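J.: For reference, the sequence and a predicted model appear below.
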Amino acid sequence: MVKRKLIGSSVMLVSILAASLAVADKVRFKVVGSEPPAERYRVCRQMLVGPWHNQPEEYEGYNGFVGWAGATRMRSGRWTITFTSGNWHCTYPWTAEIRKDPEAIGLFNKWQKIGLSDIDAPRGGRAHIMFSDDEGGSWTRPKTLIDTKDDDRHPTVLELDDGTLLATWCVSRYPVINYCQYMLSHDGGATWTDAMELDETRPTALSNGAALQLADGTVLYVTYGPFEGRNHESVGIYRSTDRARSFHLHSIIQADYPLPEPTVAELPDGRLVMVMRREGNVSWSDDGGKTWTQSNDTGWNMFDPHLIVAPNGVLAMFHGSYKTGALRVLLSPDGGLTWHGPADWLGYSVDPSVYGYCHPIVLPDGTIYLVYLHTGGHLPADARSQALWGLRVRIHDDAGGIDILPAPGSPAALGLKTSDLGRLPTEGGDPELGNLP
């Protein structure tokens, strides 16, 4: 286990934040065509977790990697961020006993070629949760939300209409075993039920986004994995009519190629729209997700798409781009039939200096708040210098671009400028700044 000296984050006064936010919004800049310099984005983002900043507790197997984050703003005004920690891009349990398994060794050797380190991880990675009670200005130190005996990834929290919190995540271990779990809280996250498996008959499913509650109260939990004899990923949609106390398989979407990392949103007219990774298939449902019509692939060449409907009705798809290696967003004014971006299927730049995995939520002022990770954590140095960022975005009414706005607690919100970035303690671990100790 690699040990690092951790120091506490600076305490931010709520009164200072409130006074500075009005000034900070003047820092906003538009992204409609050519890409602004990376420094303009960095002054608007807030480091939530990173090197020497608001670290989770140390444990055997932790090497600094933080990622696969989710965000929630509850009706009470409290915010939550959930994320995974570990030693690499994915942290399967790795012990002396597992090292004897030929299948595990084969997969480990494959991953080791792209950066996985031989670090003991008796229980794999774990999931954390942190809170903000000043609209994202400052955050509690992360505490453990989930620590099963396996790797716990992509934790998210959804607040249902009756106040119940639904936490979802996926679990993995060698050789290649993946399954989805969930649990409930009826007291705002103070206590949780025991973890429940989504479907014990399908132990190969993954998920990478929050569940969705529809206008009629039903809850959809969208997963992906081999279904009905396919040896590649298909989409499995699970449905609950009792506020997430139980789920059943509702429908399956398949193609002749993998459909991983699906994301779904409910449009203002009640239709559902879904997008899947890489090829960019778009699907629609008029019956609550039971049956789907599907477009041809779009050639978007993207990963980790996340759909969200802005209050102005524009459908936004935040995603990581294989073409540019950055976090971008495509905008649709018509529920996913047509899409706007500054170049062919590229999307507007949200942060050009990061890997791309994110999670968006809508704030009361109509802007979108994003939490996202800095790198993929594939290399040991990337894992140890990993960070989670927060950023605000405003979607243009005509779907013709976005505004980048300062996140609460960002350098701009604190009255600082781009030239001050190298002196910020919360920026000291940003690999791009070149001032890591």
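T.: That came through fine.
J.: low pLDDT regions in the stretch 201-350 of the chain?
T.: Residues of the stretch 201-350 of the chain meeting the criterion pLDDT under 70: 201-204, 228-230, 297, 344.
J.: Could I get the full set of strands for it?
T.: Counting by DSSP state E, counting those that start in this stretch, one finds strands in the stretch 201-350 of the chain at the ranges 212-213, 219-225, 234-240, 248-253, 263-266, 272-275, 282-285, 293-294, 302-309, 315-321, 327-332, 348-351.
J.: any chance you could map the helices in the stretch 251-400 of the chain?
T.: Secondary structure of the stretch 251-400 of the chain (DSSP state H, counting those that start in this stretch): helices at 380-384.
J.: List the buried residues for stretch 166-175?
T.: Within stretch 166-175, the residues that qualify as buried are 166-174, counting by 16 or more other CB atoms under 10 Å. The C-beta positions use only the backbone N, C-alpha and C, and glycine is treated the same way.
J.: Can you give the distance of stretch 257-270 from its chain's centre?
T.: Put simply, stretch 257-270 sits 15 Å off its chain's centre (CA atoms, centre = their mean, to the nearest Å).
J.: how about it as CSV, C-alpha atoms only?
T.: C-alpha atoms of stretch 257-270 as CSV (Å, rounded to 0.1, in the frame of the first residue of the first chain):
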residue,chain,number,x,y,z
TYR,A,257,-22.5,-5.2,-31.2
PRO,A,258,-22.1,-4.2,-27.6
LEU,A,259,-24.4,-1.6,-26.0
PRO,A,260,-22.6,-0.7,-22.8
GLU,A,261,-23.1,2.3,-20.5
PRO,A,262,-26.8,3.2,-21.3
THR,A,263,-28.4,6.4,-20.1
VAL,A,264,-32.1,7.3,-20.1
ALA,A,265,-34.1,10.5,-19.6
GLU,A,266,-37.8,11.3,-19.5
LEU,A,267,-38.8,14.0,-22.0
PRO,A,268,-41.4,16.7,-21.2
ASP,A,269,-44.1,14.8,-23.3
GLY,A,270,-43.6,11.6,-21.3
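J.: what's that stretch in contact with?
T.: Applying CB atoms under 8 Å, 6 or more residues apart in numbering, the contact partners of stretch 257-270 are 206, 208-209, 212, 214-215, 220, 222-224, 232-235, 237, 253, 272-279, 281, 286, 289, 303-309, 313, 315, 317, 335.
J.: Check stretch 121-128 too.
T.: For stretch 121-128, the external contacting residues (CB under 8 Å, 6+ apart) are 56, 59-61, 65, 82-87, 90-95, 142-153, 155, 169, 172-173.
J.: Out of these, name the ones that lie in strands.
T.: Per DSSP state E, strands hold the following members of these: 65, 82-86, 143-146, 151-153, 155, 169, 172-173.
J.: Please type out the PyMOL selection for whichever of those turn out to be buried.
T.: In PyMOL syntax, the buried subset of these is picked out as below (16+ other CB under 10 Å):
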select buried, resi 65+82+83+84+85+86+145+146+151+152+153+155+169+172+173
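J.: related to what we said a few turns ago, list buried residues within the contacts of stretch 257-270.
T.: Neighbour counting with 16+ other CB under 10 Å marks 206, 208-209, 212, 220, 222-224, 233-235, 237, 253, 272-279, 281, 289, 303-309, 313, 315, 317, 335 as buried within those.
J.: in the stretch 51-200 of the chain, which spans are helices?
T.: Along the stretch 51-200 of the chain, the segments classed as helices by DSSP H, counting those that start in this stretch run 102-112.
J.: For it, which residues score under the pLDDT cut-off?
T.: Counting by pLDDT under 70, the stretch 51-200 of the chain has low-confidence residues at 200.
J.: ok, which pair from the buried residues of stretch 166-175 is furthest apart?
T.: Distances among these were taken as CB to CB; the most separated pair is 166 and 174, at 28.6 Å.
J.: I'd like to know how far the residue nearest to residue 149 when sequence neighbours are not counted sits from residue 101.
T.: With sequence-adjacent residues excluded and distances taken as CB to CB, 6 or more residues apart in numbering, residue 149 is closest to residue 123, at 5.5 Å. In this view, residue 123 and residue 101 are 17 Å apart by CB to CB, to the nearest Å.
J.: Which of these two has more residues huddled nearby?
T.: Set residue 123 next to residue 101 and count neighbours by other CB atoms under 10 Å: residue 123 wins out with 18 against 13.
J.: how far away is the more buried one from residue 98?
T.: Counting by CB to CB, the gap from residue 123 to residue 98 is 12 Å.
J.: same check, this time on residue 76
T.: Distance of residue 76 to residue 98, given as CB to CB: 43 Å.
J.: Looking at these two, which one has more neighbours?
T.: residue 98 (18 against 10).
J.: contacting residues around the residue of the chain lying at maximal distance from its centre?
T.: Most distant from the centre of the chain: residue 100, at 33.7 Å, with distances by CA atoms, centre = their mean. Not one residue lies near residue 100 by CB under 8 Å, 6+ apart.
J.: Tell me how far it lies from residue 147.
T.: 24 Å.
J.: I figured residue 189 was touching residue 166, is that so?
T.: No - using CB atoms under 8 Å, residue 189 is not in contact with residue 166, being 11.0 Å away.
J.: so what sits against both of the two?
T.: With CB under 8 Å, 6+ apart as the test, residue 189 and residue 166 both reach residue 157.
J.: about what we covered before: any idea how far residue 112 is from the residue farthest from the centre of the chain?
T.: Noted for residue 100: a distance of 17 Å to residue 112, by CB to CB.
J.: for residue 235, same thing?
T.: In this view, residue 235 and residue 112 are 31 Å apart by CB to CB.
J.: ditto for residue 148
T.: From residue 148 to residue 112 the distance is 24 Å (CB to CB).
J.: Who has more neighbours out of these two?
T.: residue 148 (17 against 13).
J.: I'd like to know the beta-bridge partner residues of the closest residue to the more buried one other than its chain neighbours.
T.: Spatial nearest neighbour of residue 148, excluding adjacent residues (CB to CB, 6+ apart): residue 171 at 5.7 Å. Beta-bridge pairing for residue 171 (DSSP bridges): residue 152, residue 179.
J.: Sounds good, over and out.
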